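**Q** Sequence first, predicted model second:
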Amino acid sequence: MDKLLIRGGRQLRGEVLISGAKNAALPELCAALLTDQPVTLHNVPRLQDVSTMLKLVRNMGVVAERDDNGTVQLNAGDLTNPEAPYELVKTMRASVLALGPLLARFGHAKVSLPGGCAIGSRPVDQHIKGLQAMGAEIVVEHGYMIANLPAGRSRLKGARILTDMVTVTGTENFLMAAALAEGETLLENAAQEPEIVDLAEMLIRMGAKIEGHGTSHIRIQGVEKLHGCEHAVVADRIEAGTFLCAVAATGGDVFLRHARADHMDAVIDKLRDAGCAVAPEEGGVRISSKAPASEHLKAQSFSTTEYPGFPTDMQAQFMALNVIARGASMVTETIFENRFMHVNEMVRLGATIHVEGKVAMVEGVQQLSGATVMATDLRASASLVIAGLVAEGETLIDRIYHLDRGYDRMEAKLRGLGADIERVTGATA
Ligand SMILES: CC(=O)N[C@H]1[C@@H](OP(=O)(O)OP(=O)(O)OC[C@H]2O[C@@H](n3ccc(=O)[nH]c3=O)[C@H](O)[C@@H]2O)O[C@H](CO)[C@@H](O)[C@@H]1O
Ligand SMILES: C=C(OP(=O)(O)O)C(=O)O
């Protein structure tokens, strides 16, 4: 199992290229299932979840080719097997995104319930409820969601869908299903994330009729057929935010090429309040920060909420900054019930954190000291990398397959900025 070895204490300087967003690429790969024509996606990040999704669609009969420049060509013209088996979905929650497109185009889908997840229980009841409102008959049997159209129907029908909570992949499933449904669908309480907007823009390129994406009310007029398209995946705001927090923590000056400041308002506001200089520049975002953080940065309290609020996917990385910033802070996680798995590992590095329910109380310390720690989920892994970059001495991060699921060559990018970080390949657990 690979590990990351970090020798902390170096400032980060230079330029880093931000990749396409994992959370946009995954639904967009599924959107290619909606048409029998070729779809070309550019700026697809090179990471494990994308490889898993490609394996999943190939298993359905889709022809999918990826080149070294981040372009993926897909053709679902001969899709014969509208199923997502457990073996292929167990490591990736986003596989549920196959359900809406398969059902909409083929009138049938069999998708495994995703496996357990470290950050919370993550049910898919809202996905099922919404698709049922569009006329689908869905049963959950032997760990699979088996969805069909009623006898005599060839298309889903438009519906008004009001979910109990804002759900990102739920909104994406409904968008894709509604694009091919008969009549109008109104999504109320829709997620507003930039990845939803990017997916909607791709669907519009395919001939879908969508209005209101980027707001909580999305209106879709279903069409009979969608065609192929070419689309570039939006920049990854979570990868960019992770690099912003890394530079804030270590000190230094970095230009994040392709990063979108307008997608990161909540995180950038907090970084500025902490004392970093963050500014959009032509083609990206620049951050500069003074070291040591314990002298120059002030810890920030925050609470995770849906976009445009502070993203839950940035909670762990910002906490890594708070642990070595000046003063006390309160970090509240409102989206997932178990997303503080990084806390115990940060404590092993010398952090002072006390968790009570949804709240982590952090007391900034002067210095962290390197240790062996365990990655427990994707963003927890990223937060440990940040902590390792500032800790004195060596930090060894175990189980980095979590990190590889969602970051495109992270250690190579950090090395390019001057970090002392290496992958220890094949080391035993
Ligand atoms: C691939 C992808 O885009 N993943 C993102 C997506 O996950 P994902 O789309 O799975 O997260 P949701 O927005 O659906 O989850 C929000 C909350 O709603 C709950 N819920 C959701 C659906 C449902 O049917 N029932 C239910 O109870 C979840 O357990 C969670 O507490 O949004 C999350 C919240 O921003 C991010 O952390 C993930 O990185
Ligand atoms: C939780 C995440 O992803 P997923 O929904 O794919 O598990 C994430 O990207 O932080």
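**A** Received, thanks. Ligands and ions are numbered 1, 2, ... in the order given.

**Q** State the distance from Ala266 to ligand 1.
**A** 12 Å (C-beta to the nearest ligand atom, to the nearest Å). From N, CA and C alone the C-beta is placed, and that goes for glycine too.

**Q** ok, now Arg348?
**A** Going from Arg348 to ligand 1 by C-beta to the nearest ligand atom gives 25 Å.

**Q** Pull the residues that contact the helix or strand of the chain with the lowest mean pLDDT.
**A** Least confident helix or strand of the chain, by mean pLDDT, DSSP states H and E, is helix 86-89 with a mean of 90. Helix 86-89 is contacted by residues Thr52, Lys55, Leu56, Asn59, Ser95, Val96, Val111, Ser112, Pro114, Gly115, Gly143, Tyr144 when judged by C-beta atoms under 8 Å, 6 or more residues apart in numbering.

**Q** 10 Å instead, please
**A** 52-53, 55-60, 95-96, 98, 111-115, 142-144 (C-beta atoms under 10 Å, 6 or more residues apart in numbering).

**Q** Just list the residues touching Ser51, thanks.
**A** So Ser51 contacts Arg66, Met92, Asp404, Arg405 (C-beta under 10 Å, 6+ apart).

**Q** got the phi/psi numbers for it?
**A** Torsion angles at Ser51 (phi, psi; degrees, to the nearest 10) stand at phi -60, psi -40.

**Q** Make 51 the first number, not 1, from now on.
**A** Will do, 51 is the new start, and the previous item becomes Ser101.

**Q** so what's Thr382 bridging to?
**A** Ser353, Val409 (DSSP bridges).

**Q** In this structure it contacts Met369, no?
**A** No. Contact criterion C-beta atoms under 10 Å: Thr382 and Met369 do not qualify, at 11.1 Å.

**Q** And the strands in the stretch 51-200 of the chain, which stretches?
**A** In the stretch 51-200 of the chain, the strands defined using DSSP state E, counting those that start in this stretch lie at 53-57, 62-67, 88-92, 113-116, 122-125, 133-134, 158-162, 187-191, 194-198.

**Q** Quick check: which of the ones you listed is nearest to Ser266?
**A** Shortest distance between Ser266 and these, using C-beta to C-beta, is found for strand 187-191: 25.0 Å.

**Q** Compute the inter-axis angle for that closest one and strand 158-162.
**A** Between strand 187-191 and strand 158-162, the angle comes out at 30 degrees (axes from the mean of the first three to the mean of the last three C-alpha atoms, to 10 degrees).

**Q** Can you pull out the residues in contact with strand 187-191?
**A** 149, 153, 159-161, 163, 174-175, 177-179, 181-182, 195-201, 203.

**Q** picking up where we left off before, mean neighbour count, the strands of the stretch 51-200 of the chain: which tops it?
**A** Stretch with highest mean neighbour count among those: strand 133-134 (a mean of 23; mean count of other C-beta atoms under 10 Å).
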